[in-house]
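[1] only geometry, no sequence info:
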């Protein structure tokens, strides 16, 4: 049993010390709590008159308070109290460094729990341990069978997958040839490696060749300087990692993801480190739009003075190295002409997931459907071989495609991926998309239709679901408070739906007019954490409309699959508008058209 | 060089220039090939201030220098651990290290008087001629274990130069309180209560049969007690002499000027005031820098350096050094009487 004197030096913020006192008393320690209106001199007299093992002081800090506390420590020392009592400071901003500077034996701040304090008092394993939570890197795809439970959908998806795999089987593209060269480069050096680079560059567009050969990069691109890497390393080395603030109030779902794609890997890492600290589980690395239009990839640790971080192997590796080992990294691959190669480099650099959608990649982002089918299937094979999952974003909904066509596209990509041994993740949008605006499915609330999408997917396939990309798309405005609120409501809905993960935007994501700001990232994270605390284990209750919408969407998915199955293969169906047509606002892409050949 | 010199650097507030003075002394000692050990009564050498968020001078040690740090602060390279001690700080166990290759260090050291004395003794075995004790904030208590002190003050303490001069003069006066002579004639009465009141003293006197008493007061001492003892209407005429623990204990008891006035009041009423243990005030360093709160952040500001130096030099007899303006050499030379055998 220990004897503990609790001293609330701050009359307003004494809840914490009262909780600690209760916890200590419950465990049989002798505790005494002083009234908060005593002068420092009176407190010193009381501390000297008793015989306490510990004196716990709680106090918030402001300028001047540090000196006040330092004097308090001095008085206790001069009065001989420190010869028999350990003195401990607790308060939100208290860090071990501050406690040491103030002269306390121990400090507890906002990252400490009551149990930490009790453990210290009881002398249980608390010495010098910095609270770095050791987390395991989560696997979004664990535990799913990918079984298609809906009979009709199963036969349609099998038909589409086998037709598409048969069609792609003997076809090749410059991207596939580059992948073979990249694979040969592993473990080679000197003249052999130089020869392979020559072969590689023969399959690349001019800007890529010029950049790699002579350092004449596209506008706004340059190498990251050694001094910049060193500055980042030394800045991070001086910081002691603290345990992340939890976003979830309970349980381990959903995981929270954010985008990284400022253009500069150093800035991405700094943002990433801060987001990790605020409880983010993983990041999606988003590349520049022009990177998708060139054949071939730039090599090296590169920064880009515009949207999108270059997905070179070195950039991905740098981010993997600097971010927390438990952080999940996803690298976008499906936009453009380098899909399989990006997946290969991402796998080499230690990324966990990649992003491939054969449909959206051909519609919303403009890659030729045939090219993306050939490249995408190969990319899925590489992902499968590397043990990487891949997520399938349903962002074609944003161009006006009805939800059921988008969701059918997710299922088709998932079925093909599963057929080649990969582990796909379905990413329906939680959005106020153009088709929904026009047809009024969200005129009464934002809950029913979003829930219906999840229910429809679940009624067809046993696969992980991760609403993105980001959630609350098209509901956010330039008003950061509104934006944070909207994100937090949609995030709460994700908890109701029991999904595996969600992607959340920063509050200035749509309106930043440049790199998004760190403060805006924290806005939305904190808003979501607060919403999770508020909702806790309670859940939203959809209305009966959700059932009607679920049926409508499920029927729509099936009729879309019927339509796609009638075509020779997936690219033919996309070109024919089966998964989104001109009337919807979707157009098959043209980049890489005519580059697919029989191998 | 006196082999047992333990020189503390104490500040009257944060940002008064303790670290700058420490760095200047480390540099001078290195240039003069004086072996040095350095510890801190808190935590120092970090790049950014824990309270104000302003950049701070780093602490860079030269090969051979002995220092204390903690497990959490141990530099990755350039230092070898000589000993993992039995003492702890809020940052973990205290390590005694030796610098192998010049480089920055974050010092962490004992926060109590008793532990500081023990650590200094432990480091002494490693052969330093000079042990420097870096202060923290306005903290003083552990400095009782030093043999001489530098007091760092300046605009961060007060930008009212007259008030600063008054306070610094009071500090100097407290350091110059004479050592108590060995007991002679009168009885010795210990009052062990911190901030003892006149009632506590009366109680102690009642239990004492001798005609005249020498009163040993435990720190902290309330100035109100000294005023009460000085006031003859209290009729405590038997108190002829008061012995206070040491200048540091007197300084930290209350407002320094108020404390000094109460001591003067005792002397004026014929009571002899001495300390059980003296401590030398070796020098005063001054710093014109002020961290000022603007909106939600601290910004650097300064008072006029020349005014500050002139005002303090006319207020005290001790050497007054502005380390940045006058240089480390001036500080070292000003200290030589205190550091000499």
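    Great, that's in hand. What you see is a predicted model, and the numbers here were worked out from it, not measured in a lab.

[2] okay, CA-based contacts and neighbour counts for the rest of this
    Will do.

[3] The most centrally placed residue in chain A: which element?
    The centroid of chain A falls nearest to residue A:257 when counting by CA atoms, centre = their mean (1.8 Å). If you go by DSSP states H and E, residue A:257 is part of strand A:255-260.

[4] chain center to the following helix or strand past that strand, what's the gap?
    Sequence order places helix A:265-277 as the next helix or strand after strand A:255-260, per DSSP H and E. Centre-to-centre, helix A:265-277 and its host chain are 11 Å apart (CA atoms, centre = their mean, to the nearest Å).

[5] State the mean pLDDT of helix A:265-277.
    Helix A:265-277 carries an average pLDDT of 95.

[6] what's the answer for stretch A:160-168, then?
    Rounded mean pLDDT across stretch A:160-168 is 97.

[7] Could I get the buried residue list for it?
    A:160-165, A:167-168 (16 or more other CA atoms under 10 Å in any protein chain shown).

[8] What is the least confident helix or strand in chain B?
    strand B:297-302 (a mean of 72; mean pLDDT, DSSP states H and E).

[9] Let me know the next secondary structure element after that strand.
    Defined by DSSP H and E, the subsequent element after strand B:297-302 is helix B:305-315.

[10] tell me what that following helix is packed against?
    Where contact means 3 or more CA pairs under 8 Å, 6 or more residues apart in numbering or on different chains; DSSP states H and E, helix B:305-315 is packed against helix B:161-175, strand B:280-287, strand B:320-321.

[11] Report all helices and strands that the host helix or strand of residue A:68 contacts.
    Element membership of residue A:68, judged by DSSP H and E, is helix A:65-78. Judged by 3+ CA pairs under 8 Å, 6+ apart, the packing partners of helix A:65-78 are helix A:40-49, helix A:96-102.

[12] Any idea which of those helices gets closest to chain B?
    Nearest to chain B, of all the helices and strands packed on helix A:65-78, is helix A:96-102, at 4.2 Å by CA to the nearest CA.

[13] Residue ranges in chain B under the pLDDT threshold?
    Scanning chain B for pLDDT under 70 picks out the ranges B:1-3, B:51, B:183-186, B:209-211, B:232-237, B:296, B:298, B:341.

[14] Domains of it: list them as residue ranges, please.
    B:5-176+B:279-339, B:187-275 (automatic domain parsing).

[15] thinking again about what came up before, so which of the helices and strands packed on helix B:305-315 gets nearest residue B:242?
    For residue B:242, the closest of the helices and strands packed on helix B:305-315 is helix B:161-175, at 13.9 Å, according to CA to CA.

[16] Parallel or antiparallel, list what pairs with the next helix-or-strand element following that closest one.
    Per DSSP H and E, the first helix or strand lying C-terminal to helix B:161-175 is strand B:187-191. Sheet partners assigned to strand B:187-191 using DSSP bridges are listed as strand B:213-217 (parallel).

[17] Can you confirm whether the very next helix or strand once past the strand it pairs with lies near chain A?
    Next helix or strand after strand B:213-217 toward the C-terminus (DSSP H and E): helix B:223-230. No. Using CA under 8 Å from any CA of the partner chain, we find that helix B:223-230 stays clear of chain A, coming within 12.1 Å at best.

[18] hmm, the very next helix or strand once past helix B:223-230 touching chain A?
    For helix B:223-230, the succeeding helix or strand toward the C-terminus, using DSSP H and E, is strand B:239-244. No. Between strand B:239-244 and chain A, judged by CA under 8 Å from any CA, nothing touches; the nearest distance is 11.6 Å.

[19] buried ones in strand B:239-244?
    Buried-residue list, strand B:239-244, by 16+ other CA under 10 Å: B:239-244.

[20] Make TSV from those and add distance to residue A:281 to it.
    Shown next, in TSV, are these (distance: CA to CA, whole Å):
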residue	distance to residue A:281
B:239	71
B:240	73
B:241	70
B:242	66
B:243	64
B:244	60
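
[21] need the residues of the stretch 151-300 of chain B near chain A, please.
    B:193-195, B:218-220, B:249, B:252-253.

[22] Report the buried residues of stretch A:462-470.
    Quick answer for stretch A:462-470 (16+ other CA under 10 Å): A:463-470.

[23] Among these, which ones are in strands?
    A:468-470 (DSSP state E).

[24] which residues of the stretch 401-550 of chain A fall in helices?
    A:403-419, A:434-439, A:448-460, A:480-497, A:518-535, A:545-565 (DSSP state H, counting those that start in this stretch).

[25] I'd like to know how far residue A:504 sits from residue A:450.
    The gap separating residue A:504 from residue A:450 is 16 Å, by CA to CA, to the nearest Å.

[26] Low-confidence stretches in chain A?
    A:11, A:13, A:62-63, A:125-135, A:238-243, A:364-365.
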